[in-house]
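S.K.: What follows is a predicted structure for the sequence shown.
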Amino acid sequence: MFLTKIIYFLLSYEINKTEPQMYYKIITNRKKDLCIEGNVTKKIAKTYNAIYGTCYEYNCTHFKKTYMLPFSGKVYIYNCN
């Protein structure tokens, strides 16, 4: 029973570590700030130097478009105020 709990704990920790979460990155395009947000894993977010959270936290609420990144998933682009 104790061994089962330890195995469950280790597996759940490993699953949570690779579970996709919301990350965002602010970029400047033609002197306008854009926020790119996606539901990606921590490893992919680190590749793009993304920050944990959403674009709404950075006050970027005007939806612009959706874009598909290969091997990463769908990302959403917002205009910032």
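M.R.: Arrived safely. As the structure is a prediction and not an experimental result, all values here were calculated from the model. Numbers count the residues shown, from 1 in each chain.
S.K.: Tell me where this protein has helices.
M.R.: Taking DSSP state H as the test, the helices found in the chain are 2-18, 42-47.
S.K.: For Val40, give me its contacts.
M.R.: For Val40, the contact set (Cβ atoms under 8 Å, 6 or more residues apart in numbering) comprises Pro20, Gln21, Tyr23, Ala50, Ser72, Gly73, Val75. The C-beta positions use only the backbone N, C-alpha and C, and glycine is treated the same way.
S.K.: What distance do you get for it to Lys31?
M.R.: Going from Val40 to Lys31 by Cβ to Cβ, to the nearest Å gives 27 Å.
S.K.: Kindly report the same for Val75.
M.R.: To Lys31, Val75 is 22 Å away according to Cβ to Cβ.
S.K.: Same drill for the two, tell me which one is more crowded.
M.R.: For Val75 and Lys31, the more surrounded residue by other Cβ atoms under 10 Å is Val75, and the numbers stand at 20 against 5.
S.K.: List the beta-bridge partners for the more buried one.
M.R.: Beta-bridge pairing for Val75 (DSSP bridges): Gly38, Tyr67.
S.K.: Hmm, Cys55 and Phe63 touching each other?
M.R.: No: the pair formed by Phe63 and Cys55 falls short of the contact definition of Cβ atoms under 8 Å, at 9.3 Å.
S.K.: if I look at the one residue sitting closest to the centre of the chain, how far off is Thr47?
M.R.: Centroid-nearest residue in the chain: Tyr23, 2.6 Å away (criterion: Cα atoms, centre = their mean). Applying Cβ to Cβ, the value for Tyr23 to Thr47 is 11 Å.
S.K.: for Lys64, same thing?
M.R.: Lys64 sits 22 Å away from Thr47, taking Cβ to Cβ as the criterion.
S.K.: And Val40, by the same measure?
M.R.: 9 Å.
S.K.: For this structure, give me the ranges with low pLDDT.
M.R.: The chain contains residues with pLDDT under 70 at 1-18.
S.K.: Ile51 and Ile44: what is the separation?
M.R.: Distance from Ile51 to Ile44, by Cβ to Cβ: 13 Å.
S.K.: All set now, cheers.
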